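> Model the structure of this input:
(one chain, ligands or ions: 2)
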Amino acid sequence: MADNKETIFSGIKATGKLHLGNYLGALKNWVEMQNSGEYKTIYAIVDLHSITIDIAADELRQNIHDMAIDLMACGLDPEKSIFFVQSHVKEHTELAWIFNCILPVAELEKMTQYKDKAKQHKKNVNAGLFDYPALMAADILLYHATVVPIGEDQDQHVELTRKIVRKFNNHWGKLFEEPKTKMTRTPRLMSLADPTKKMSKDLGEKSYIALSDSADVIREKISKAVTDTGGNKGKVNGGRNLLDLFTAFVDDENITAKFEEDYKNGELQYSKLKPMLANVIINALKPIQAKRKELAKNPDYVTAILNQGAQRARVIASQTMSEVRKLVGLE
Ligand code: AMP
Ligand code: TRP
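Residues are numbered from 1 along each chain as shown. Ligands and ions are numbered 1, 2, ... in the order given. Here you go, the predicted structure:
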């Protein structure tokens with residue numbers, strides 16, 4: 001890895017199954033950027049972010065392991081990327097604390113994700129949930145990452161990270177660079193069951209297609225997916241969402257143009273699109289599911305990969321923290 005390459009960082013929580021929103025909104029870019037050879041790529045399973053929502057210890061442990069397998073099955077390659085678990089590198093929390101001391105509460109109060117989650121988990125509005133973006137900024141800046149591949153819902157947190165950079169640099173001396181986001185063509189995939197909301201694990205089985213779903217389940221979910229109500233200019237554009245999904249997998253204008261045209265004219269035949277879409281998804285997921293099966297047979301290998309990843313991450317993170325400590329006056 002040449003040193004003049006830009007660094008990419010992204011993270012994902014260890015909460016249950018990966019779905020097509022995660023895959024098309026973020027992971028596809030993770031893998032493409034990794035394979036382009038143009039960047040240093042660093043990816044983490046952000047377990048400390050995961051505990052901002054109540055989760056049992058055994059479930060979390062299992063989720064971290066499953067997520068590692070899922071990510072590798074999607075193409076994350078530990079030979080090409082640094083791949084690790086956030087809590088294995090203590091510097092993340094250390095830098096987050098420093099950021100806490102320059103981050104105005106008023107900025108955190110503006111965060112949409114915090115407001116949504118606080119509503120969803122009224123009995124557990126903990127300080128970690130509120131402070132979540134400080135830790136996310138630390139994740140990114142510890143590695144001096146300048147590009148962050150994410151879905152649209154995380155854009156506001158990266159914007160806040162840029163504010164933190166400006167505040168830090170003004171207050172203690174120039175150290176960090178402002179990171180940019182990188183989004184895919186599907187930065188916000190909507191729920192199949194309720195296309196007014198983004199596809200998410202929180203909305204239940206019917207709203208998403210998990211990367212582990214069987215062919216039958218995928219066919220069933222797509223056939224029941226809500227399309228447009230009130231025409232293609234109506235409020236609920238599930239049809240648009242299905243077409244976006246199709247285009248995300250079928251990157252061939254010869255095939256998509258006709259559907260697009262029909263959709264515009266309000267003549268799209270879902271009885272044609274839906275079975276094609278289901279097949280396209282089933283075929284795209286086949287190799288991922290096969291790789292997942294192989295990796296699941298060898299849990300010790302996965303653990304070893306994560307340990308090696310943490311060692312590599314620590315080298316960079318401790319260097320940054322040493323610079324931070326000097327600037328802040330802790331050393
Ligand atoms: P999470 O599962 O919330 O940790 O999200 C992991 C990544 O997937 C983040 O970069 C999210 O922005 C992205 N993501 C999650 N849901 C969607 C969605 N419905 N559409 C596009 N991207 C998404
Ligand atoms: N907050 C992100 C999410 O909910 C996960 C995340 C944590 C992250 N740290 C990050 C994403 C750093 C990008 C960069 O999906």
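
> what about the strands in the stretch 201-331 of the chain?
Here the stretch 201-331 of the chain has its strands, by DSSP state E, counting those that start in this stretch, at 228-229, 236-237.

> okay if I get these as CSV plus distance to ligand 2?
Every C-beta, even on glycine, is put in place using the N, C-alpha and C of the backbone. Converted to CSV, those look like this (distance: least, Cβ to the nearest ligand atom, whole Å):
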stretch, distance to ligand 2
strand 228-229, 29
strand 236-237, 24
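
> closest one to ligand 1 among these?
Closest to ligand 1 of the strands of the stretch 201-331 of the chain is strand 236-237 (Cβ to the nearest ligand atom; 14.4 Å).

> can you give me the mean pLDDT across the closest one?
The pLDDT scores in strand 236-237 average 82.

> So whatever residue of the chain ends up closest to ligand 2, which state does it fall into?
Proximity to ligand 2, evaluated over the chain using Cβ to the nearest ligand atom, is greatest for Gly11 at 3.4 Å. Put simply, Gly11 is strand when judged by DSSP: H, G, I helix; E, B strand; the rest coil.

> Verify the stated contact: it with Val46.
Yes. The pair Gly11 / Val46 is scored as a contact, 4.0 Å apart, by Cβ atoms under 8 Å.

> of these two, who's got more company?
Applying other Cβ atoms under 10 Å to Gly11 and Val46 shows that Val46 carries more neighbours, namely 25 against 22.

> all helices for this protein, in order.
Taking DSSP state H, the helices of the chain run over residues 20-22, 28-36, 47-50, 57-73, 91-100, 105-109, 112-120, 127-141, 155-172, 215-224, 238-249, 253-264, 270-296, 299-328.

> got a list of what Gln86 touches?
Gly11, Ala44, Ile45, Val46, Asp47, Leu48, His49, His92, Asp139 (Cβ atoms under 8 Å, 6 or more residues apart in numbering).

> still on that earlier bit, give the intersection of the neighbour lists for Gly11 and Val46.
Gln86, Met136, Asp139.

> quick check, nearest of the residues you listed to Gln62?
Gln86 (16.8 Å; Cβ to Cβ).

> What's the per-residue pLDDT of that closest one here?
So Gln86 comes in at 98 (pLDDT).

> Quick check: the gap between it and Val315.
16 Å (Cβ to Cβ, to the nearest Å).

> can you count the residues close to Ile305?
Neighbour count for Ile305, taken as other Cβ under 10 Å: 18.

> Save the shared contacts of Gly11 and Val46 as JSON lines, and put in distance to Leu129 too.
As requested, the shared contacts of Gly11 and Val46 are exported to JSON lines (distance: Cβ to Cβ, whole Å):
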{"residue": "Gln86", "distance to Leu129": "16"}
{"residue": "Met136", "distance to Leu129": "12"}
{"residue": "Asp139", "distance to Leu129": "16"}
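
> Residues of the stretch 151-300 of the chain that sit close to ligand 2?
Gln154, His157 (Cβ under 6 Å from any ligand atom).

> Show me what from the stretch 151-300 of the chain comes close to ligand 1.
The stretch 151-300 of the chain comes close to ligand 1 at residues Gly151, Asp153, Gln154, Pro187, Arg188, Leu189, Lys198, Met199, Ser200, as judged by Cβ under 6 Å from any ligand atom.

> re the thing from before, need the winner for burial among the strands of the stretch 201-331 of the chain.
Stretch with highest mean neighbour count among those: strand 236-237 (a mean of 19; mean count of other Cβ atoms under 10 Å).

> Report the strands that pair with that strand, each with its relative direction.
In the sheet, strand 236-237 lines up against strand 228-229 (antiparallel) (DSSP bridges).

> Other residues contacting the partner strand?
Gly234, Lys235, Val236, Asn237, Gly238, Gly239, Arg240.

> Stretch 236-245 too?
Stretch 236-245 is contacted from outside by 20, 24, 185-186, 189-190, 192, 195-196, 222, 225-230, 232, 256, 259-260, 263, 268, 270, 273-274, 277, 281, using Cβ under 8 Å, 6+ apart.

> Sort out which of the residues you listed are buried, if you could.
Burial by neighbour count, judged by 16 or more other Cβ atoms under 10 Å, picks out 20, 24, 186, 189-190, 192, 195, 222, 225-228, 232, 256, 259, 263, 268, 270, 273-274, 277, 281 from the contacts of stretch 236-245.

> number of nearby residues for Leu48?
21.

> in terms of contact, does it touch Glu94 like I think?
No. Taking Cβ under 8 Å as the definition, Leu48 is not a contact partner of Glu94, at 11.9 Å.

> Please name the nearest non-neighbouring residue to Tyr263.
Leu243 (5.7 Å; Cβ to Cβ, 6 or more residues apart in numbering).

> Pull the contacting residues for Lys206.
Counting by Cβ under 8 Å, 6+ apart, Lys206 has contacts Leu192, Ala193, Lys221, Lys224.
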